[in-house]
Every structure is written in C-alpha cells, then in structure tokens.
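Quick one, structure for this:
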Amino acid sequence: MNLLKSTFAIVLLALITSSCSDTKNTELFNGENLDNWGVFISEDVPQDSVFWVEDGLINVSGIPNAYIRTKAEYENYKLHVEWRWAKEPKNSGILLHITGEDLIWPNCIEAQLKAGKAGDLVLIGKGVGITVRDDIYIIESEENRFAVIDKFLESSENDPGEWNEYDITVDDQVIELKVNGYIQNRGIAATKTKGSIGIQSEGGPMQFRNIYLEEL
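Residues are numbered from 1 along each chain as shown. Here you go, the predicted model:
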C-alpha cells in the first residue's frame, strides 16, 4: 500500500512539474499574412512591393526604407526571429519598444541586422537610453537622434543565404541580444521597456521566419 501511495505521489508530482514547465509562445507571424502588423513606407509605393508573404516567409525588398510593426505592444519577453539574406547582405534591424508616430525611423531601440553588425544596439529618438558595460548612452535631442553601441564579439552571423537566429530577451530594463547562440550585447537601465516590435526594410532583399515570443 505504501509503495502504491509513493508511486502515485511521484507520478502526480511529475505531472504537476510538467504542467508548470509548459510555456506558450505568442506567434507574431502566422506564416500566411501580415494581418498582425501595421506597415509604414517612406515612399508612395504598393505595400506588397516592399513586404509580402510567400512560401511561409516574410519577404522584404529593402528598398525603399520602411518597416512593419506589431499592432500589439509587448513588454518582458523572449523574442525569437530567424533571418537570411536573399541576395547581397545589406542592412536591416529588429525594432524594439516602438512608440509614438510613424517615421523613418521611429522612437525605439534597434537590434541591428546590418551585415557583420548583427548584435549592435542602436538607440533612436530623444529620450532613448541604456547602460552597457558601465557606459551610459542617452539621446538628448531629435537633432542627433542616433547612437550605436557595438556588439561584444566578432560577428557570429552565418554565411549569406544561410538562416540566422536572433534571440532577444527583454526583462524590465534589461535587454540582451544573442546572435546564433552568442551573447553579442547586454544593456541595463533601458529607458524604454514596452512598445511594438518592428522589422526594417533598409538596403537589400531578405527573408524572415519563425517570429514568436515567450512572455516572461
């Protein structure tokens, strides 16, 4: 009898532990359309000439400058994004905590995707700030509204045409960027902690897939 009780207790504990450890991801891209995203384009061109979905991938023309942004705002999450260059590697970025009006480029913190620079942090817009390795960065005016904070290591990007993974953790005022498993940047005391998530068109054709987040 005691053995049966012990066995039952172990099985019950395992079930409870398994249930508690299950995590639910929020799919930001459903593989079919961009219904969850708003679009801002710097020129008067058709939306589907800049951003379109084909074969389960988001395709980005790179020209003109533009971005898509989630219609919902998020805070405290682990974001996963996969990308590859369709042709010659150029420039792009994942925009975090977008707030305010749409413009090129909006008030946000960018996780850089420029070829060879993935893992840089870019602060965009007045009031945006973060501390990295005891250095304090803050944008004090709209006249000088950009600041680039270099990644920690040499490039950990894969060869052009191969898929890469960005894993971005936002935990209150902490932002950590991993590129293909390598921690390339980490900042604390971020002045922005919530907003939309965006993907840039800036430079050249590229593709995105498997875009989801886990709320912390």
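
where does the chain dip in pLDDT?
1-23 (pLDDT under 70).

secondary structure class for the residue nearest the centre of it?
By C-alpha atoms, centre = their mean, the chain has its centre lying nearest to residue 94, at 4.5 Å. Following DSSP: H, G, I helix; E, B strand; the rest coil, residue 94 is assigned to strand.

ok, now how distant is it from residue 141?
Relative to residue 141, residue 94 is positioned 25 Å away (C-beta to C-beta, to the nearest Å). C-beta here means a position set from N, CA and C on the backbone, and glycine is covered the same way.

again with residue 30
40 Å.

hey, what's the residue nearest to the centre of the chain bridged with?
Here residue 94 sits in beta bridges with residue 111, residue 199, going by DSSP bridges.

ok, it - contacts?
Under the criterion of C-beta atoms under 8 Å, 6 or more residues apart in numbering, the contact partners of residue 94 comprise 79, 81, 110-111, 113, 166, 168, 197-200.

how about 7 Å then?
By C-beta atoms under 7 Å, 6 or more residues apart in numbering, the residues touching residue 94 are 81, 110-111, 113, 166, 168, 199.

again, but for residue 131
Residue 131 is in contact with 187-189, counting by C-beta under 7 Å, 6+ apart.

Can you name the helix or strand that it falls in?
If you go by DSSP states H and E, residue 131 is part of strand 129-132.

cool, and residue 156?
Counting by DSSP H and E, residue 156 is found in no helix or strand.

Next, count neighbours for it.
18 (other C-beta atoms under 10 Å).

cool, residue 180 as well?
Residue 180: 17 neighbours (other C-beta under 10 Å).

which residue packs closest to it, ignoring adjacent ones?
residue 156 (4.9 Å; C-beta to C-beta, 6 or more residues apart in numbering).

show me the contacts for that neighbour.
Applying C-beta under 7 Å, 6+ apart, we find residue 156 in contact with 179-180, 182, 184.

10 Å instead, please
Residue 156 makes contact with 118-119, 164-165, 178-184, according to C-beta atoms under 10 Å, 6 or more residues apart in numbering.

Thank you kindly, that will do.
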